[in-house]
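Q: Here is the input, now give the coordinates:
(one chain, ligands or ions: 1)
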Amino acid sequence: MRWRLLAALVLMIALGAAGVGRAQVPIYFNVIHCDPHFASEADWGALEDLVSAADARGIALTIQFNPAWSGVISSDASRAGDILGWVADGHEIGGHHHVLSHPGAWDGYSNQPAAVNAPGYLGSMQDWLAALTALLPSSAEILTVSSKDFDFPAGVDFQTGGSGSTPSPSDAASVPTLKSLNGAPVWQIDHAALIAGGVWQTTQMKAVFNATAADQVFGVAFHPHDYYTGNHENVDEWFDFLVGVDPDQSHSQTAGAILEAHRQALQATVPGASMGVLAVTSLLLLCAALRALR
Ligand SMILES: [Zn+2]
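A: Just a heads-up that it's a prediction; the model follows:
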């Protein structure tokens with residue numbers, strides 16, 4: 001995990017120092033949304049297969065679980081260890097939320113007042129975060145959460161997607177954006193759906209990837225149920241495309257590592273910014289002194 005963060009940081013600094021775009025390949029991330037209404041044995045098996053397919057190609061995954069995966073994870077004592085093994089191998093764990101208005105697939109948690117009396121209400125978004133934390137091994141850190149702004153759990157620093165994010169392939173390219181959610185700073189990055197409404201958008205996604213600007217990050221999302229046995233073709237095509245354009249996978253990162261590197265890169269520039277403020281302040285003081293001498 002740490003080496004990926006360091007690699008992302010070094011890459012960003014190097015690209016900035018070069019003053020030009022990157023090579024032709026943007027920094028990119030692949031998010032796996034583990035949905036509340038697809039949390040069966042078949043989904044766990046498909047997730048294992050997705051991780052294997054990514055490992056075979058050196059691609060890092062950002063795996064975002066919903067609390068509804070509690071049953072399938074706890075049904076086999078070895079699965080918590082599997083998740084820790086994935087993190088050790090460079091993948092990242094996060095959370096994925098379905099809001100009250102999600103068509104037929106609300107996960108039961110919400111901060112919206114209307115949810116409290118809705119059938120199936122399980123609790124607030126802090127309860128959601130507690131349930132998610134409880135289903136994961138204690139050392140598996142939840143770095144990112146994909147949720148709308150109005151249902152974002154306090155205490156998480158990084159958001160993928162969020163309000164305004166759509167299934168459109170054009171949303172795959174974006175720049176990290178600082179928001180204030182629950183009164184706290186949260187860094188956000190977009191991702192787009194590799195498959196939307198049952199239609200694979202792989203071709204459009206490749207075009208967006210190739211057109212991603214130098215200062216942008218590319219993010220794509222799909223699900224374990226998009227990779228059921230016998231249905232590997234489209235995701236494999238996507239993974240193989242990434243291997244083709246980035247043979248050593250040096251630009252493949254996790255969403256949390258990208259946002260953390262971005263935050264740290266900005267913090268690293270703070271001394272420079274302070275010097276700028278100092279220079280302006282000194283200039284203003286000098287002007288005031290000169291005016292007083294006239
Ligand atoms: Zn979902």
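Q: Quick check: closest non-adjacent residue to residue 112.
A: Leaving aside its sequence neighbours, residue 112 sits nearest to residue 100 (Cβ to Cβ, 6 or more residues apart in numbering; 5.5 Å). (Each C-beta comes from the backbone N, C-alpha and C, glycine too.)
Q: right, and that neighbour touches residue 108 too?
A: No. Counting by Cβ atoms under 8 Å, residue 100 does not reach residue 108; the two are 9.2 Å apart.
Q: related to what we said a few turns ago, could you check the pLDDT of the residue nearest to residue 112?
A: Model confidence at residue 100, given as pLDDT, is 96.
Q: again, but for residue 26
A: 96.
Q: residues in contact with it?
A: Residue 26 is in contact with 173, 209, 212, 213, 214, 216, 217, 218, 251, counting by Cβ atoms under 8 Å, 6 or more residues apart in numbering.
Q: Can you flag the buried ones in those residues?
A: 173, 209, 212, 216, 217, 218, 251 (16 or more other Cβ atoms under 10 Å).
Q: backbone phi and psi for the closest residue to the fifth one other than its chain neighbours, please?
A: What it means is residue 217. Using Cβ to Cβ, 6+ apart and skipping the chain neighbours, the partner closest in space to residue 217 is residue 27 (5.2 Å). According to degrees, to the nearest 10, the main-chain angles of residue 27 amount to phi -70, psi 140.
Q: Can you report how many residues neighbour residue 27?
A: Around residue 27 there are 24 other residues, counting by other Cβ atoms under 10 Å.
Q: shouldn't it be in contact with residue 254?
A: No. Residue 27 is not in contact with residue 254 according to Cβ under 8 Å; the separation is 10.7 Å.
Q: So which residues on the stretch 101-250 of the chain come close to the ion?
A: With the criterion set to Cβ under 5 Å from the ion, the stretch 101-250 of the chain never comes near the ion.
Q: in the stretch 101-250 of the chain, which spans are helices?
A: Taking DSSP state H, counting those that start in this stretch as the criterion, the stretch 101-250 of the chain contains helices spanning 125-135, 202-211, 233-245.
Q: picking that back up, possible to save the contacts of residue 26 as TSV with pLDDT?
A: Formatted as TSV, the contacts of residue 26 follow (pLDDT from 0 to 100):
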residue	pLDDT
173	96
209	97
212	96
213	93
214	87
216	96
217	97
218	97
251	97
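Q: With distance to residue 165 as extra columns, can I get the residues you listed in CSV?
A: Listed next are the contacts of residue 26 as CSV, based on distance: Cβ to Cβ, whole Å:
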residue, distance to residue 165
173, 12
209, 17
212, 16
213, 18
214, 22
216, 15
217, 14
218, 14
251, 22
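Q: and of the residues you listed, the nearest to the ion?
A: Among those, residue 218 lies closest to the ion (Cβ to the ion), at 19.7 Å.
Q: wait, what's in contact with the spatially closest residue to residue 152 that is not a sequence neighbour?
A: Excluding the flanking residues, the one nearest residue 152 by Cβ to Cβ, 6+ apart is residue 181, at 4.5 Å. Residues near residue 181 by Cβ under 8 Å, 6+ apart: 149, 152, 154, 159.
Q: would you list every one of the strands in this structure?
A: For the chain, the strands defined by DSSP state E occupy 27-33, 61-65, 92-96, 144-146, 158-160, 173-174, 177-181, 184-189, 192-193, 195-196, 199-200, 217-222.
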